[in-house]
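J.: Could you work out the structure for the sequence below:
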Amino acid sequence: MFFSLYAEEEKCGLFFKEQRERGGIRCKKCDSTEHFWIENQIKWQCRKCKYRRGLKCGTVMENSNLGYRVWLWALYLVSATKKGFSALEMQRLLGHSRYESIWLLLHKIRVSMGNRDDKYKLTGFIEMDEAFFEGHRKKADELCEGKQPKELDRQVKAVVAVSTTPIPAEKRKKGRPDTYPKYVKMNVVSSLNKKEVTYDAAKMIQKSATVKTDGKRDVTEDCRRFARYTKKWL
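T.: Purely as a prediction, here's the structure:
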């Protein structure tokens with residue numbers, strides 16, 4: 001449905017225009033919010049100082065020669081699916097001829113999504129814990145020869161915080177959790193000492209949040225040092 005609806009370049013450009021106008025256009029030169037659209041140039045012009053601003057200006061698409069359809073389809077695929085896409089797979093899905101252009105497109109999208117996530121912190125009821133993940137560790141000779149890594153590093157550590165919402169008492173089921181998750185933040189750390197945990201908690205959680213841990217001493221005690229940022233620690 002989405003791909004048939006936005007199959008034409010003109011409709012994709014119109015979509016981006018509507019989204020930007022919904023958020024408001026502000027002049028970079030005089031800070032005015034009064035603009036009019038110049039259709040043949042695909043730009044807005046400030047009514048006050050006559051400064052013109054393109055549709056891609058100030059967005060992740062700035063300085064890109066890729067069309068609006070390519071950008072919109074890529075943004076949809078990245079945000080609407082749980083799986084990750086390699087640049088080669090995205091190139092095939094978009095039907096684009098240049099791998100380098102799609103690689104850069106994906107890189108820009110991922111950086112922008114990461115920057116956006118950094119602006120927000122979890123609030124309300126938070127469950128926080130440590131986590132360990134398997135990771136591939138390549139040796140120097142494997143890197144030079146381009147071989148697949150064989151050795152697994154199981155000590156990739158992370159601090160995970162999940163905001164939860166309590167389930168009403170009448171809807172709770174025996175043996176099931178009494179909350180359901182909403183948002184999650186996760187930061188990879190080199191160790192789970194008090195300095196790293198405190199630093200990551202400050203980046204991920206708002207001051208007014210209520211945080212619950214599993215009671216493990218090395219994590220809980222370090223989290224309590226972060227209590228000045230919170231109302232209560234369970």
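
J.: Give me the buried positions along the lengthiest helix in the chain.
T.: For the chain, the helix with the greatest residue count under DSSP state H is helix 99-118. For helix 99-118, the neighbour count (16 or more other Cβ atoms under 10 Å) marks 101-102, 105-106, 108-109 as buried. Placement of C-beta: from N, CA and C, glycine included.

J.: what's the answer for stretch 79-93, then?
T.: In stretch 79-93, counting by 16+ other Cβ under 10 Å, buried: 85, 87, 90-91.

J.: by contact count, what packs against the helix or strand containing Val188?
T.: Element membership of Val188 [criterion: DSSP states H and E] is strand 179-189. Applying 3 or more Cβ pairs under 8 Å, 6 or more residues apart in numbering; DSSP states H and E, one finds that strand 179-189 makes contact with strand 125-137, strand 151-166, helix 194-204.

J.: Tell me which of those sits most buried.
T.: Of all those, helix 194-204 has the most neighbours on average by mean count of other Cβ atoms under 10 Å, namely a mean of 18.

J.: Can you tell me the strand partners of the helix or strand following it and which way each runs?
T.: Moving toward the C-terminus from helix 194-204, the first helix or strand encountered (DSSP H and E) is strand 210-212. With DSSP bridges as the test, strand 210-212 is paired with strand 125-137 (parallel), strand 232-233 (parallel).

J.: ok so, going back, looking at the buried residues of stretch 79-93, which is nearest Asp117?
T.: Phe85 (18.3 Å; Cβ to Cβ).

J.: how about that closest one, what does it touch?
T.: 77-78, 93, 106 (Cβ atoms under 8 Å, 6 or more residues apart in numbering).

J.: how does the protein divide into domains?
T.: 2-118, 125-233 (automatic domain parsing).

J.: Select from the ones you listed the stretch with the lowest mean pLDDT.
T.: Among the domains of the chain, domain 125-233 has the lowest mean pLDDT, at a mean of 69.
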